[in-house]
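Visitor: This is a predicted model, with the sequence first.
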Amino acid sequence: MTKRVAILLSGGGSNMVALAQSMTGDHPARPVLVMANSAGAGGLDKARALGIDTDFVDHRPYKGDRSAFEQALHDRLVQAQPDILCLAGFMRVLTEGFVRRWHGRMLNIHPSLLPKYRGLHTHARALAADDAQHGCTVHEVTPELDEGPILGQATVPVLAGDTPDTLAARVLIMEHRLYPAVLRRFAAGDRTPVHLP
Ligand code: GAR
């Protein structure tokens, strides 16, 4: 049976576009909803242009009550009956309660070769450490931030003269290849890690 995928984002949504555009033909999944934590997230317009239902729950009125924010998010999500949730640049830290409700069904993409550089500023940190290789990871979401079983990684060489921005741009190109490749496998019930390039 075709799997239903909801995508959560906070920003421009380029990974969402890559995922949505991959779910055609014999792909085992289809996008059913794109949600953001603010009305202004650029990814919402892109999703609408792709003909995908969109919605948002603004996190700001819930300041100090993350559980209430997540309950509102959860209530909207369940209406779309997703089998899989993809975090695609969703920049809110999720509580253990929310993560447990979607256990085994929630994926995230992170711009580093985990377990290196959990959290923010991953490109600057890879450069500061003089790493020869950087990249991105898709993993199952578990309660600890940027942990969880790794479902795929793509490596990117660090070049002389790289800045956080130039490195981020090359990593993003690989994110757009990695996330769809992992989702296709995952939706077919295969958790064998994907390695790119
Ligand atoms: C991507 O680089 C993604 O890996 C990162 O945010 C960007 C979103 O770009 N996610 C995180 O840092 C999560 N911790 P996009 O909105 O163009 O897909």
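Guide: That came in fine, so what should we check first?
Visitor: Could you report the neighbour count for the residue of the chain found nearest the ligand?
Guide: Using CB to the nearest ligand atom, the single residue of the chain nearest to the ligand is Gly89, 2.6 Å away. Every residue, glycine included, has its C-beta placed from N, CA and C. Number of residues near Gly89 (other CB atoms under 10 Å) recorded here: 22.
Visitor: and what of Glu140?
Guide: Glu140 has 19 neighbours, counted by other CB under 10 Å.
Visitor: Could you verify my assumption that it touches Gly152?
Guide: No. Assessed by CB atoms under 8 Å, Glu140 is found out of contact with Gly152, at 10.8 Å.
Visitor: still on that earlier bit, Three-state assignment for the residue of the chain closest to the ligand, please.
Guide: Assigned with DSSP: H, G, I helix; E, B strand; the rest coil, Gly89 falls in the coil class.
Visitor: Now for it: which residues touch it?
Guide: By CB atoms under 8 Å, 6 or more residues apart in numbering, the residues touching Gly89 are 9-16, 43, 109.
Visitor: Of the residues you listed, keep whichever come out buried.
Guide: The neighbour-count test (16 or more other CB atoms under 10 Å) marks 9-11, 13-16, 43, 109 as buried among these.
Visitor: The ligand contacts on this structure?
Guide: For the chain, the contact set with the ligand under CB under 6 Å from any ligand atom comprises 9, 11-15, 43, 88-89, 109-111, 172, 175.
Visitor: Format those residues as CSV; extra columns: secondary structure, distance to His74 and pLDDT.
Guide: Below are the residues of the chain next to the ligand laid out as CSV (DSSP: H, G, I helix; E, B strand; the rest coil; distance: CB to CB, whole Å; pLDDT from 0 to 100):
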residue, secondary structure, distance to His74, pLDDT
Leu9, strand, 17, 98
Gly11, coil, 21, 98
Gly12, coil, 24, 98
Gly13, coil, 21, 98
Ser14, helix, 26, 98
Asn15, helix, 22, 99
Gly43, helix, 20, 98
Ala88, coil, 18, 98
Gly89, coil, 20, 98
Ile109, strand, 21, 98
His110, strand, 22, 98
Pro111, coil, 26, 98
Leu172, helix, 29, 98
Glu175, helix, 26, 99
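Visitor: now those residues in TSV, with distance to Leu159?
Guide: Below are the residues of the chain next to the ligand laid out as TSV (distance: CB to CB, whole Å):
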residue	distance to Leu159
Leu9	29
Gly11	25
Gly12	24
Gly13	27
Ser14	21
Asn15	23
Gly43	29
Ala88	26
Gly89	24
Ile109	22
His110	21
Pro111	16
Leu172	15
Glu175	18
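Visitor: Go through those residues and name the one nearest Arg185.
Guide: The closest of these to Arg185 turns out to be Ile109 (CB to CB; 14.2 Å).
Visitor: Dig out what the closest one forms beta bridges with.
Guide: Beta-bridge partners of Ile109, counted by DSSP bridges, are Val138.
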